[in-house]
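Student: Predicted coordinates and the sequence they were generated for:
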Amino acid sequence: MASGDTLDRFKPQDNEPPASNYATRDDRNNHPALDFDAGTNESAVFSGVMPQHYGGGGVTVYIHYAMSTAIANTIDWDAAFERIGDQQQDLDSDGFAAVQSVDNTTVPGTSGLVDIVSIPFTDGAQMDSVAVGEGYRLKITRDAVSDDASGDSELRFVEIRET
Amino acid sequence: MARDFVRASSQYIWNANAILTGEPLTIACWGNCDNIANGQHAIAITRSASNSGWYILGFGGGAVGDPVQAGAQNDAGSLTGVANSTTGYSQSNWHHACAVFTNTASRHALIDGGSKGTNTTDIVTSPSVNRSSIGARFGSGVNNAYDGSLAEVGVWSVALTDDEVISLAKGFSPPMVRPSNLVFYMPLVRDNDEDIIGGLSYTAVASPTIDAHPRVFYPHSQITIPPIAPSPVKVPVAKIIRSDQVPVHQLQL
């Protein structure tokens, strides 16, 4: 696969919510969405298997979101990978790598418009060394403690591309 | 976003059809109940002609220990059987509630996949139900209105097993548990009061509102990964010979 090609995609229905501080199910005009509160960091978790055509060039995570009501100020998003792999991760515990972030994005001027932000990960440690054919989890977190956009953000899609 | 009901305002949603008309059946939902003082009937299958004769999944705030309740009553109102879960709900926290009705003489109530309580009062004849409601028991009048949020309502035409109830309580949405017998599923996301299995559309009364949804796992959506573009394949091209150059004995006629 070439740079820029899609490796995986996730929708709100694919969320495997963590036990606490989870993004909650919502819909907007029949568009399924995941609500991330303002003021408290909440997360959504998605599982996948790194496809065989991943070329090892690192990945970029694209987050498609809208704001429930806010039309001003900024939002911060974090993403982190956890390698499940072949006998790499004990399922009884979490092992996410350090988060990578896209911060201080000014939210759309119309609350229903979907903005797309991206977070790059170099191959290796930033991706928790997820390799071709290995299971992994991707955690998406709104860093609401740090950002200042009011109200919920609504996650609509997540895409992982080869960088 | 879940659906939120205020008891004092008698908020509920309803439909002029009974989801099911007899045992076996299972009713389950997630409930975040704000009230530990009153008996509340979160989901009910009732009779329009009377307040007697029903099936309910309740939050028994008026009972000792605030149990989840599975209740059935005959048409005359003379025979009532209510099972109480052996532990109760805590106020303003999400709990999974399940009422399992095996037959007219057996019903179970479970909270968070366990604490199974059983009642074996024989109501003899299943009530002749013909309507359903969420947020209150709506028979000929409104009774035992619910205080708090509800979400992920499922009704099955079987008595789910204990293990299946555990799956629901772990957060798996109703379509992921015994889907072949799921006859009613209303996620209650925002004000979408639609049964997406049986097609029933519910009418809201007194403007119930919305609240944050509980933690639920849904069936994964289909993921389509673009195929790898095929590499060009070199095919040897046969030597082209004009037919007038082929020896006669080699021609295929």
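Tutor: Thanks, I have the structure now.
Student: Residue A:39 is in contact with residue A:142, isn't it?
Tutor: No - with contact taken as CB atoms under 8 Å, residue A:39 and residue A:142 are classed as non-touching, separated by 10.1 Å. (Each C-beta comes from the backbone N, C-alpha and C, glycine too.)
Student: Pick out whichever of these two has more residues nearby.
Tutor: It is residue A:142, of residue A:39 and residue A:142, that has more neighbours when counted by other CB atoms under 10 Å in any protein chain shown, with 28 against 10.
Student: Spit out the contact partners of that one.
Tutor: The contact partners of residue A:142, taken as CB atoms under 8 Å, 6 or more residues apart in numbering or on different chains, are A:23, A:36, A:37, A:41, A:42, A:43, A:75, A:76, A:77, A:78, A:153.
Student: Sort out which of the residues you listed are in helices and list them.
Tutor: Secondary structure from DSSP state H places none of the contacts of residue A:142 in helices.
Student: Give me the buried subset of those.
Tutor: For the contacts of residue A:142, a neighbour count by 16 or more other CB atoms under 10 Å in any protein chain shown gives the buried set as A:23, A:36, A:37, A:41, A:42, A:43, A:75, A:76, A:77, A:78, A:153.
Student: Including distance to chain B and pLDDT, could these go into a markdown table?
Tutor: Below are the buried ones among the contacts of residue A:142 laid out as a markdown table (distance: CB to the nearest CB, whole Å; pLDDT from 0 to 100):
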| residue | distance to chain B | pLDDT |
| --- | --- | --- |
| A:23 | 9 | 95 |
| A:36 | 11 | 97 |
| A:37 | 8 | 95 |
| A:41 | 15 | 97 |
| A:42 | 10 | 97 |
| A:43 | 11 | 97 |
| A:75 | 19 | 98 |
| A:76 | 21 | 98 |
| A:77 | 20 | 98 |
| A:78 | 20 | 98 |
| A:153 | 14 | 97 |
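Student: Next step: the residues you listed restricted to strands.
Tutor: Secondary structure defined by DSSP state E assigns A:36, A:42, A:43, A:75, A:76, A:77, A:78, A:153 of the buried ones among the contacts of residue A:142 to strands.
Student: Max pairwise distance over the residues you listed: which two?
Tutor: The widest separation within those, taken as CB to CB, falls between A:43 and A:75 and amounts to 14.7 Å.
Student: which non-adjacent residue is nearest residue B:118?
Tutor: In space, and not counting its chain neighbours, residue B:118 is closest to residue B:108: 5.1 Å by CB to CB, 6 or more residues apart in numbering or on different chains.
Student: Next up, the contacts around the one you found.
Tutor: The neighbourhood of residue B:108, defined by CB under 8 Å, 6+ apart, consists of B:70, B:83, B:99, B:100, B:102, B:116, B:117, B:118, B:119.
Student: Near the closest residue to residue B:93 other than its chain neighbours, how many other residues are there?
Tutor: Of all residues not flanking residue B:93 in the chain, residue B:32 sits nearest, at 6.4 Å (CB to CB, 6+ apart). By other CB under 10 Å, the residues close to residue B:32 number 23.
Student: same check, this time on the one 10 residues further on
Tutor: The number of residues packed near residue B:42 is 31, by other CB under 10 Å.
Student: right, and it touches residue B:133 too?
Tutor: No - the criterion here is CB under 8 Å, and residue B:42 misses it with residue B:133 at 9.6 Å.
Student: Same list (the contacts of residue A:142) but as JSON lines, adding distance to residue A:90.
Tutor: What follows is the contacts of residue A:142, written out as JSON lines (distance: CB to CB, whole Å):
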{"residue": "A:23", "distance to residue A:90": "25"}
{"residue": "A:36", "distance to residue A:90": "28"}
{"residue": "A:37", "distance to residue A:90": "30"}
{"residue": "A:41", "distance to residue A:90": "25"}
{"residue": "A:42", "distance to residue A:90": "25"}
{"residue": "A:43", "distance to residue A:90": "20"}
{"residue": "A:75", "distance to residue A:90": "34"}
{"residue": "A:76", "distance to residue A:90": "30"}
{"residue": "A:77", "distance to residue A:90": "28"}
{"residue": "A:78", "distance to residue A:90": "23"}
{"residue": "A:153", "distance to residue A:90": "32"}
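Student: Dihedrals phi and psi, residue A:126?
Tutor: Listed backbone geometry of residue A:126 is phi -60, psi -30, with angles given as degrees, to the nearest 10.
Student: residues in contact with residue 136?
Tutor: Here I'm looking at chain A. With contacts taken as CB under 8 Å, 6+ apart, residue A:136 has the following neighbours: A:47, A:48, A:49, A:50, A:81, A:82, A:83, A:84, A:85, A:127, A:128, A:130.
Student: That was the other one, I meant chain B.
Tutor: With contact set as CB under 8 Å, 6+ apart, residue B:136 has these partners: B:5, B:10, B:11, B:12, B:41, B:44, B:142, B:143, B:144, B:145, B:146.
Student: What lies in contact with the helix or strand bottoming out on mean pLDDT in chain A?
Tutor: Evaluated with mean pLDDT, DSSP states H and E, the helix-and-strand set of chain A has its lowest mean pLDDT in strand A:24-28, which scores a mean of 92. Judged by CB under 8 Å, 6+ apart, the contacts made with strand A:24-28 from elsewhere in the structure are A:12, A:15, A:32-35, A:42, A:66, A:68, A:112, A:152, A:154, B:1, B:187, B:189-190, B:192, B:212-216, B:218.
Student: Ignoring the adjacent residues along the chain, who's closest to residue B:193?
Tutor: In space, not counting the residues next to it along the chain, residue B:193 is nearest to residue B:202; the distance is 4.0 Å by CB to CB, 6+ apart.
Student: What separation do you get for that neighbour and residue B:63?
Tutor: 27 Å (CB to CB, to the nearest Å).
Student: neighbour count winner among the two?
Tutor: For the pair residue B:202 and residue B:63, the greater number of neighbours falls to residue B:202 (22 against 16), based on other CB under 10 Å.
Student: does the more buried one really touch residue B:184, like I thought?
Tutor: No - with contacts defined as CB under 8 Å, residue B:202 does not count as touching residue B:184, sitting 10.6 Å away.
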